[in-house]
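# Sequence first, predicted coordinates after that:
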Amino acid sequence: MKIAILSRNPNLYSTKRLYQAIQAAGHEALIVNHSVCDLIIEQEGPSIIYKGEKLTNVDAIIPRVGASVTFYGTAVVRQFELMGTFSAVNSQAIVRSRDKLRSLQILSKAGLGMPKTAFTNFSKGGEKQLIEHVGGAPLIIKLLEGTQGLGVVLAETKKAGQSVIEAFHGLRARIIVQEFIKEAKGADIRAFVVNGKVVGAMKRQGAEGEFRSNLHRGGKATIIKLSRAERQAALGAAKALGLDIAGVDMLQSARGPLILEVNSSPGLEGIEKATGIDIAAEIIKFIEEGVQKKSPKRAAEQ
């Protein structure tokens, strides 16, 4: 098979590991910078031009679409899907997961545990109500477009929370206000889901004095065995958002696992190094199964 990794940076750990795993499985690997693909839409059908040539005979793609290029990246993924190419992550599921508010609404509808969350439309004077909705201070305030722990503020008091919310609203920045889970103690869990199974899990502990556990913020990761409830929560979240590959971030709380976020393009470095599991190989196995189901005759010819 010919498998293309949609990535803007071939030197990233995740891109390199997937490339190696494709080759190790005996397939042809290709790295495509989705941000410079040209999409041709005509009566003869959709096609993609990359570096002056038409991309053909690509059996499967692995989208590694960054948050800053979600619109164009998902358009490229959708074009491949329309051309009959199997995608490890569905284009619409990527869009769904990238919208934090929408994804939380879907998870809530599915009855999954999560911190109390509130959202408002820049309502002046409504800051106190927002804070009350999530149980008062301390509370977490997040930019809807933030990634890797950026745009996340811990407000220790109601007054501080009001000031931060007013400031963000003054900038016309979209935010959500969330309940602070004290018993999590600055740690969270990342469960890596592939094809309806949790293939690896790690616990990330924030640096001293840091409430955010992101590895980009200096957090440390260790392997963890998930409880049955944590495993079910991770699988339920991925299923609700339609993601066959997902990184599900959860907090351990007194009332069970609480889902923070579901990542449609989870990094491999932290999870592979913490667990020692070859996550990239698990992704390629899933793609082999997916292509086989989509086109048995074509897959058999490879």
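Everything's here; your move. Please read all numbers here as calculations on a predicted model, not as lab measurements.
# Run through the residues that contact the one residue sitting closest to the centre of the chain.
The residue lying closest to the centre of the chain (Cα atoms, centre = their mean) is Asn263, at 1.1 Å. Counting by Cβ atoms under 8 Å, 6 or more residues apart in numbering, Asn263 touches Ser97, Ala246, Gly247, Val248, Asp249. (Each C-beta comes from the backbone N, C-alpha and C, glycine too.)
# what's the neighbour count on the fourth one?
Neighbour count for Val248, taken as other Cβ atoms under 10 Å: 29.
# Then the second one?
A count of neighbours around Ala246, defined by other Cβ under 10 Å, yields 26.
# If it is in a bridge, with which residues?
When bridges are called by DSSP bridges, Ala246 pairs up with Val193.
# list the contacts for it?
Neighbouring residues of Ala246 by Cβ under 8 Å, 6+ apart: Ser97, Phe192, Val193, Ala237, Ala238, Val262, Asn263, Ser264, Pro266.
# One more: the third one?
When contacts are counted by Cβ under 8 Å, 6+ apart, Gly247 touches Arg190, Ala191, Phe192, Val193, Val262, Asn263, Pro266, Gly267, Ile271.
# one more time with 7 Å
Arg190, Phe192, Asn263, Pro266 (Cβ atoms under 7 Å, 6 or more residues apart in numbering).
# ok, so what distance separates the residue nearest to the second one when sequence neighbours are not counted from Lys273?
Residue nearest to Phe192 in three dimensions, not counting chain neighbours: Gly200, with 4.6 Å by Cβ to Cβ, 6 or more residues apart in numbering. Distance from Gly200 to Lys273, counting by Cβ to Cβ, to the nearest Å: 11 Å.
# count of residues packed around the residue nearest to Phe192?
24.
# Now stretch 164-180: buried residues?
Going by neighbour count (16 or more other Cβ atoms under 10 Å), the buried part of stretch 164-180 is Val164, Ile165, Phe168, His169, Arg174, Ile175, Ile176, Val177, Gln178, Glu179, Phe180.
# And stretch 46-56, by the same measure?
Ser47, Ile48, Tyr50, Leu55.
# Could you report the neighbour count for the closest residue to the first one other than its chain neighbours?
This points to Ser47. Nearest residue to Ser47 in three dimensions, chain neighbours excluded: Ile40, at 4.5 Å (Cβ to Cβ, 6+ apart). Neighbours of Ile40 under the rule other Cβ under 10 Å: 13.
# Ok, Glu156 next?
For Glu156, using other Cβ under 10 Å, the count is 11.
# Now it: phi and psi?
Glu156 adopts backbone torsions of phi -80, psi -30, taken as degrees, to the nearest 10.
# Which parts of the stretch 51-200 of the chain are strands?
Listed in chain order, the strands of the stretch 51-200 of the chain (DSSP state E, counting those that start in this stretch) span 53-54, 60-63, 86-87, 117-118, 139-143, 152-155, 175-179, 187-194, 197-205.
# and the last one, average pLDDT?
Looking at strand 197-205 alone, the average pLDDT works out to 95.
# Using PDB, write out the CA atom coordinates for it.
Presented in PDB, the C-alpha positions along strand 197-205 are these (Å, rounded to 0.1, in the frame of the first residue of the first chain):
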ATOM      1  CA  LYS A 197      -9.200   0.100  22.000                       C
ATOM      2  CA  VAL A 198      -7.000   2.000  24.500                       C
ATOM      3  CA  VAL A 199      -3.500   1.100  23.300                       C
ATOM      4  CA  GLY A 200      -1.600   3.100  25.900                       C
ATOM      5  CA  ALA A 201      -2.100   5.500  28.800                       C
ATOM      6  CA  MET A 202       0.100   7.900  30.800                       C
ATOM      7  CA  LYS A 203      -0.300  10.100  33.800                       C
ATOM      8  CA  ARG A 204       1.100  13.600  33.300                       C
ATOM      9  CA  GLN A 205       2.100  15.600  36.400                       C
END
